[in-house]
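Student: here you go, sequence then predicted model.
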Amino acid sequence: MITLALSKGRILDETAPLLEAIGIALDPAVLDSRKLILPTGDPDLQLIIVRASDVPTYVRYGAADLGVAGKDVLIEYGDEGLYQPIDLGIGRCRICVAARRGFDYQAAVGRGARLRIATKYLRMASEHFAAKGMHVDLIKLYGSMELAPLVGLADAIVDLVSTGNTLRANDLIEVEEVGVISSRLIVNQAALKTKAARLQPLLERFAAAVAARP
Ligand code: PRT
Ligand code: MG
């Protein structure tokens, strides 16, 4: 049995068409169920549903052979021991610095102000500001970062942006891009050897489906 770990929501929604494209059927009733282990049309492949940030952990320990994880998660929580053969090109977004409309971020940076930055992405944020030579105070949050500048918790946030709707809805504007993000197929390195006969063809089918996508 091959086990693929992924998170519900946008990752599952965008991985499902790829699985269909490589001939692995998914039953909508199964996808909508609350089950955490989901069979697929391939009797040798099952899905497990985990939190997005837990995907690398399941794959690293071999509880899953494969996973789909955002580059943000891999950078933030580590990609040690994981083979990352394919950029699936799904879950595309950017990681940005955003501030309240009306807050002159560039001027604050220019005068060397020590900014308070709220984020879930401490590692990417600290590397970004260190590279700019800025001293900032990072405040760790677990979600709803967009609220922080509105209630005076922080001067700016570092967060993922895809459509920009959440920023707009909260009167925030992007002031700097930190990086570009997409989701990767990750593979347990030991499984790659012990299950090579089953994993290699699957990886090739994924790569072909990604390449063939318009
Ligand atoms: O939500 P939960 O706390 O369970 O976990 P999670 O946020 O890690 O998972 P999930 O499913 O929300 O995101 C999984 C992966 O999707 C992330 O790790 C990213 O690689 C990728 N991804 C792509 C995104 C976005 N786009 C995205 N826009 N993840 C989150 N967002 C959020 C963003 O944080 C912001 O709050 O959506 C909001 C902005 O979206 P727009 O469209 O309004 O700009
Ligand atoms: Mg989320």
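Tutor: Right, received. Where do you want to start? Ligands and ions are numbered 1, 2, ... in the order given.
Student: what are the buried residues along the longest helix seen in the chain?
Tutor: Assignment by DSSP state H gives helix 196-212 as the longest helix of the chain. Buried residues in helix 196-212, counted by 16 or more other C-beta atoms under 10 Å: 199, 202-203, 205-207, 209-210. From N, CA and C alone the C-beta is placed, and that goes for glycine too.
Student: from these, which is closest to ligand 1?
Tutor: Proximity of the buried residues of helix 196-212 to ligand 1, judged by C-beta to the nearest ligand atom, is greatest for residue 210, which lies at 16.2 Å.
Student: and residue 45, how many neighbours?
Tutor: Neighbourhood size, residue 45 [other C-beta atoms under 10 Å]: 19.
Student: any idea of the pLDDT on the spatially closest residue to it that is not a sequence neighbour?
Tutor: Nearest residue to residue 45, sequence neighbours excluded (C-beta to C-beta, 6 or more residues apart in numbering): residue 2, at 4.9 Å. For residue 2, the model assigns a pLDDT of 98.
Student: equivalent analysis for the one 10 residues further on, please.
Tutor: Confidence at residue 12, expressed as pLDDT, is 97.
Student: flag every residue of this structure that's near ligand 1.
Tutor: 7, 9-11, 51-53, 70, 72-73, 91, 93, 143, 159-166, 181, 183 (C-beta under 6 Å from any ligand atom).
Student: same thing but at 8 Å, please
Tutor: 7-11, 51-53, 69-73, 91-93, 120, 142-146, 159-169, 181-183 (C-beta under 8 Å from any ligand atom).
Student: helices of this structure, residue ranges please.
Tutor: All helices of the chain, identified by DSSP H, fall at 10-21, 28-32, 55-60, 71-77, 105-110, 122-131, 165-169, 189-194, 196-212.
Student: against which helices or strands is the fourth one packed?
Tutor: What it means is helix 71-77. Packed against helix 71-77 by the contact rule (3 or more C-beta pairs under 8 Å, 6 or more residues apart in numbering; DSSP states H and E) you find helix 55-60, helix 122-131, strand 172-181, strand 183-188.
Student: quick one: mean pLDDT over that helix.
Tutor: Rounded mean pLDDT across helix 71-77 is 96.
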